[in-house]
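Engineer: turn this into a structure:
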Amino acid sequence: MALKVFNFKCKNGHLFEAMIPSVKEFEKQRDAGLFLCPFCECREVERVLSAPHVARSRSTSVSASEKEAQERLENLIKEVAEQINSAEDVGEKFAAEARAIHYGDSPERSIRGTAKTEEVIELIEEGVPIVPLGVKNDRKVN
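Structural biologist: Coordinates of the predicted model:
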């Protein structure tokens, strides 16, 4: 069965995409409490409008502006990677250390590490400036 990409929004305002076979399958999973927001695990999710993908023909040559945009993107990716690699790895103590830096209880510096979804949400709600870069998918659903 082919999967389709649909846009969704939870009651907390998080927007995300998911690949599902059909709208009916989404409704079935949602009604059974199996369809969760990947950010906050909220079960109150609704489908929102999606822009259709329209295939367009492309010439084999890439314009100068496209090359420039690609170079800027590659440079940005390299810069982010350098920032991540130069940050101090505090491991699972990330939430506590980020909070300590934010409130002035620890020296100002760039850190990286891991945090649970709940900890990330709490840090964001407290106004601690963090950039979540990924999530460990340890859930059995979705």
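Engineer: just the buried positions in the lowest-mean-pLDDT helix or strand in the chain, please.
Structural biologist: Least confident helix or strand, the chain: helix 64-86 with a mean of 86, by mean pLDDT, DSSP states H and E. By 16 or more other CB atoms under 10 Å, helix 64-86 has no buried positions at all. C-betas here are computed from N, CA, C, even on glycine.
Engineer: can you name the element that comes right after that helix?
Structural biologist: With elements assigned by DSSP states H and E, the helix or strand that comes after helix 64-86 is strand 88-91.
Engineer: residues contacting the helix or strand just after that next one, please?
Structural biologist: Using DSSP H and E, the next helix or strand after strand 88-91 towards the C-terminus is helix 94-102. Identification of contacts with helix 94-102 by CB atoms under 8 Å, 6 or more residues apart in numbering yields 90, 106-109, 111-116, 119-120, 122-123, 126-130.
Engineer: hmm, try it at 10 Å
Structural biologist: 88, 90-91, 93, 105-116, 118-120, 122-123, 126-130 (CB atoms under 10 Å, 6 or more residues apart in numbering).
Engineer: now swap in stretch 28-42 and tell me
Structural biologist: Contacts for stretch 28-42 (CB under 10 Å, 6+ apart): 8-18, 20-22, 25-27, 43-47, 117-118, 120-121, 132, 135, 137, 139-142.
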